[in-house]
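Undergrad: Predicted model, plus sequence, below.
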Amino acid sequence: MGFLEMKSMCGLVVLFLVMLPNAAAYDPLDPTGNITIKWDIVSWTADGYVAAVTMSNFQMYRSIMSPGWTLGWQWAKKEVIWSMVGAQTTEQGDCSKFKGNVPHCCLRNPIVLDFLPGVPYNQQFSNCCKGGVVSAWGQDPTGSVSAFQVSVGLAGTSNKTVKLPTNFTLLGPGPGYTCGPAKVVPSTVYLTPDHRRKTQALMTWNVTCTYSQFLASRNPSCCVSFSSFYNQTITPCPKCACGCQNKNNCVMSDSKQAHRKGINTPRKDNAPLLQCTHHMCPIRVHWHVKLNYKDYWRVKIAVTNFNYRMNYTQWTLVAQHPNLNAVTQVFSFVYKPLVPYESINDTGMFYGMKYYNDLLMEAGPLGNVQSEVLLKKNKDTFTFKQGWAFPRKVYFNGDECLLPPPDTYPYLPNSAHGSPISILTMAFSVLVFMLTI
């Protein structure tokens, strides 16, 4: 290879590495997924405006769990927040220059939190007060919205004099989201309760935030293990699949510490307390090829929580497999096909039934959920060879899980090199056949 060719190759590698963090924000299974924050100015005041701020989660399978979202921005001028309904800032800041009425917040970079449920009625706003918890659009569209009202002072009092806030940040509840600049869009149109009259906001701007697993964590947050009825071997999660940084602070499942009082109390920094495993992941997804029928085959899926300090409300599980285009029945989970590309139907979302198993409890005897899936065979593509029966991708709560290496997948006994398992399996099958005659 010549010098010029090597120089060109190095340049491409550098360009790839530079683009990698941005590219990671694109999710091929949910290409249009984002969180859109919409500001609608609903009225002008003597020194500013009143705005309704609506956060809409358009991600199909990524929710914002407890302790909820945290929204921040930077004012363009010297604006203050006179009052808020449905949310509050974490700090008031220095408001000593104001006499009489004191603003709710005088910080140039306010940080806003949603109210917890149960606040007085006069402090509530539509779609507020859920502790910052926002459902995924694909799981619960009605719960995928959060909103509050803010009264802004020392600001512009017309469309020409208002300056848009900048440097928006969103935690949901941890890092991973990157927000673009605010952009003025056509004003939102509202219908009156009797649906006979339309009104519209005086001014509207949108902020779009996208999620990157690369920015959220350097390690995966879940792993996948495999097993099958045709092979006694269980393919475990890879060793240290989620990093082993918590290896020295884990808890053995049979130790006294695992049963001590207060072990499930979350910490303010959301630091996990994991059960000691070889993979050291908070979540493990197990895919078991359970049964084979003439026209169908059956899979058992189990999700296990190894974090003593966190339960997962409204969890979601996404799998990609070519035979998910022929799901016949799903037991004890809700199933929804995901078809981001109309010509390809190989991806689906599983989630718990409301009030039954939509809560995945902390690590321990109750820290798992499971279901079985019945799939109809496609005679042209179905096979148990070469790991075909196992998923291509698995996501839990919107984060991609680490799969085992393909060469470790359970193989068909007849492809083993003189394995006694194949002989035992064949003998057992013959015996069952003779008993049914």
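TA: Arrived safely.

Undergrad: what are the ranges of the helices in the stretch 101-250 of the chain?
TA: Assigned by DSSP state H, counting those that start in this stretch, the stretch 101-250 of the chain shows helices spanning 213-216.

Undergrad: all strands of it, in order?
TA: Taking DSSP state E, counting those that start in this stretch to define them, one finds strands in the stretch 101-250 of the chain at 111-114, 145-153, 166-171, 177-179, 183-185, 189-191, 198-200, 203-211, 222-228, 231-235.

Undergrad: what does stretch 354-363 rub up against?
TA: By C-beta atoms under 8 Å, 6 or more residues apart in numbering, the residues outside stretch 354-363 that reach it are 253, 258, 264, 274-275, 303, 305-315, 332-333, 351-352, 367-369. All C-beta atoms are positioned from the backbone trio N, CA, C, and that covers glycine.

Undergrad: Do me a favour and get the end-to-end distance for it?
TA: 21 Å (C-alpha to C-alpha, to the nearest Å).

Undergrad: same check, this time on stretch 178-186
TA: 23 Å.

Undergrad: Contacts for it, please.
TA: Taking C-beta under 8 Å, 6+ apart as the rule, stretch 178-186 contacts 25, 37, 39, 164-166, 168-170, 203-210, 212, 215.

Undergrad: Only whichever of those residues are buried, select them in ChimeraX.
TA: Selection of buried members from the contacts of stretch 178-186 for ChimeraX, criterion 16 or more other C-beta atoms under 10 Å:
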select :25,37,39,164,165,168,169,170,203,204,205,206,207,208,209,210,212,215
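
Undergrad: Could you pull up the contacting residues of the residue nearest to Tyr190 when sequence neighbours are not counted?
TA: Among residues not flanking Tyr190 along the chain, Thr199 sits closest, at 4.9 Å (C-beta to C-beta, 6 or more residues apart in numbering). Contact partners of Thr199, counting by C-beta under 8 Å, 6+ apart, are Val189, Tyr190, Thr192.

Undergrad: Thr188 versus Thr199, what's the distance?
TA: Look at Thr199 and Thr188: by C-beta to C-beta, to the nearest Å, they are 10 Å apart.

Undergrad: Return the set of residues that bridge with the spatially closest residue to Trp315 that is not a sequence neighbour.
TA: Closest residue to Trp315 apart from its sequence neighbours, by C-beta to C-beta, 6+ apart: Leu360 at 5.0 Å. With DSSP bridges as the criterion, Leu360 is bridged to Tyr312.

Undergrad: How about the contacts made by Asn159?
TA: Contact analysis of Asn159 by C-beta under 8 Å, 6+ apart lists Leu202, Met203.

Undergrad: how about the strands in the stretch 301-437 of the chain?
TA: According to DSSP E, counting those that start in this stretch, the strands that the stretch 301-437 of the chain contains are 312-313, 316-320, 327-331, 333-338, 347-352, 359-360, 368-376, 393-396, 399-400.

Undergrad: sorry, back to before: so what's the predicted local confidence for the residue nearest to Trp315?
TA: Per-residue pLDDT puts Leu360 at 96.

Undergrad: now Val102
TA: At Val102, the model reports a pLDDT of 96.

Undergrad: Would you mind confirming that it is in contact with Cys95?
TA: Yes - Val102 is in contact with Cys95 according to C-beta atoms under 8 Å; the separation is 5.1 Å.

Undergrad: residues near Cys237, how many?
TA: 25 (other C-beta atoms under 10 Å).

Undergrad: any idea how far it lies from Asn248?
TA: Taken as C-beta to C-beta, the span from Cys237 to Asn248 is 19 Å.

Undergrad: Just read off the phi/psi values of His259.
TA: As for His259, its main-chain torsions (degrees, to the nearest 10) stand at phi -120, psi 10.

Undergrad: what's the burial count for it?
TA: His259: 11 neighbours (other C-beta under 10 Å).

Undergrad: same check, this time on Gln245
TA: 11.

Undergrad: Now do the contacts for it.
TA: Applying C-beta under 8 Å, 6+ apart, the residues contacting Gln245 are Asn219.

Undergrad: Sounds good, over and out.
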